[in-house]
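[1] sequence and predicted structure, then a few things I'm wondering about:
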Amino acid sequence: MPLPFVSPSRRGFLAGIGAAAVGITLTGLEGCHRGPPGKRINFYNWDTYIGKTTLKDFKAETGVQVDMSLFSNNDELFAKLRGGNQGYDVIVPTNDFVQRMAQANMLEPLDHAKIPNLKNVSPDFQNPPFDPGRKWSMPYTWLVLGLGYRKSKIQGVPDDWKWVFDSPQYKGRIGVLAEAGDLVRLVLKYLGYPMNTGDPVALKKVEDLLIKQKSNIAVFHDDNGQDLLLSGDIDIVIEYNGDIAQVMREDKDLDFVVPKQGSQISSDCLCIPKGAPNPDLAHEFINYLLDAKAGAEISETIRYPTPNAAARALMGADYKDNPVIFPPAAILAKCDYATYNGEALSRQYEDIITRVRAA
C-alpha cells in the first residue's frame, strides 16, 4: 500500500541508500533474522512505507535492531503467513485483511497497556468497524484509491472510473491494480453495486467488463503504479493517494483525483502475527510508531494521510492542507471500507481476476 526524497522510484530508493543501511531485505522468509530475543525484531512491511530515519531512531532509543522485509500486496502477505509465522514480529495488513487474518487465528491480540501512544490516534480511528476496540490492530495510515494521471496526456480531469474500466480512449496507457479484491470492488463501485457484494450477477458483470477492457490495459501493477506513471510508461493509473503525492513532488505534470462515483478507503494497520518471537518488543515498536514525532517523520516521507492526530499537528500546511493527501469530505463520503466476507468470496474475487488476466 508506499517515499522518498532520495529517489522517485521505490527500487531507486533501496539502491540509493543501500538496503542494509536501514535493515531492509527484499524477500520475505529469507529476510527474517532470528537473533537473541531483545536484540532484533522482524518487520514485514510495504515497500517505501517507513520514514527515512524511523528504524535507525528506534534502535538509537531502544537498542533494538529492526530488520524490515517487503511484500507487494496483501495477497502475498496472507499467503506468506497462512502456513505459520516464519519469524515476523510486526506486519502491516490492510483493514479487510486484518479481519481475514483475525478470523483465521493468524494474529495476536494487542495489550493496550503496552501501547500508551494509542492516545495520539484520532477518535475517528479508535474504534473502526473492521476491528472494534482495536483488539487486533493499531492504525498506521489511511488511504484512498483514485486515478493518478499525467495532465499533458489526459483530456481534462479524469474524474470517472470509465477511463480505466470502460473506454478505449487511453488504450495501451492504462495501469490497474493487480490485487484482486481491490480491483473487483472498484469495478463494482463504477457499475453502481454495493462495493462489498457477493451478488453473482454483479460479479459476472465485473468480469465481463474487465475482459472487454483488457486489450486497452497496459499493466496490472503490484503497487508501483506511481513509478510507471513517473517514468512515462503509462498516462493514467489506479493508485493510492499517498503514492501519487510522493511522485508529484518530482514531476509537476502529475496529479490525482478520486472519481465522482466514490472509491475504496482503506487503513493499513500494525499487527502482531500469531507466534511472533518477540511480542513485548513488537508492542514497543508499535508504540514507537504511534509517537507524535516519529509519526510526523513517517508521514513527511511517505505522504499518506495519518490517523495520528498528534503527528498531524506537527506537520506543515503542504501536508495538512494537501487535497491529494486529504481529499475533500464530500468525495470521501462516497467512499467505503472493504470488508472481509469469508474465504469463499475472497477466492471468487481472485478467480475473477485470474480469468481476466488469462483472457
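    Cool, got the structure. The structure displayed is predicted, hence computed values, not measured ones.

[2] who does the longest helix along the chain touch, helix- and strand-wise?
    Counting residues, the longest helix found in the chain (DSSP state H) is helix 343-358. Judged by 3 or more C-beta pairs under 8 Å, 6 or more residues apart in numbering; DSSP states H and E, the packing partners of helix 343-358 are helix 180-191, helix 200-213. All C-beta atoms are positioned from the backbone trio N, CA, C, and that covers glycine.

[3] list the buried residues of that helix.
    345-346, 348-349, 352-353, 356 (16 or more other C-beta atoms under 10 Å).

[4] mind putting those residues in CSV, distance to Met106 included?
    What follows is the buried residues of helix 343-358, written out as CSV (distance: C-beta to C-beta, whole Å):
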residue, distance to Met106
Leu345, 18
Ser346, 14
Gln348, 21
Tyr349, 19
Ile352, 24
Ile353, 23
Val356, 28
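
[5] of those, closest to Ser72?
    Comparing the buried residues of helix 343-358 against Ser72 with C-beta to C-beta places Ile353 closest, at 15.0 Å.

[6] setting aside sequence neighbours, what's the nearest residue to that closest one?
    Ala180 (4.1 Å; C-beta to C-beta, 6 or more residues apart in numbering).

[7] likewise Gln126?
    Closest residue to Gln126 apart from its sequence neighbours, by C-beta to C-beta, 6+ apart: Arg134 at 6.8 Å.

[8] how about the backbone phi and psi for that neighbour?
    phi 60, psi 50 (degrees, to the nearest 10).

[9] quick one, helices of the stretch 201-350 of the chain?
    Assigned by DSSP state H, counting those that start in this stretch, the helices in the stretch 201-350 of the chain fall at 225-231, 241-248, 279-289, 292-302, 309-312, 317-320, 329-332, 343-358.

[10] so which of the ones you listed gets nearest Trp161?
    Per C-beta to C-beta, nearest to Trp161 of the helices of the stretch 201-350 of the chain: helix 329-332, 12.9 Å.

[11] what's the separation between the residue nearest to Ala276 when sequence neighbours are not counted and Arg134?
    Spatial nearest neighbour of Ala276, chain neighbours left out: Asp89 (4.6 Å); criterion: C-beta to C-beta, 6+ apart. Taking C-beta to C-beta, to the nearest Å as the measure, Asp89 falls 18 Å from Arg134.

[12] show the pLDDT at Gln246.
    On the pLDDT scale, Gln246 is placed at 89.

[13] can you pull up the bridge partners for Ile236?
    On the basis of DSSP bridges, Ile236 is bridged to Tyr149, Ile174.
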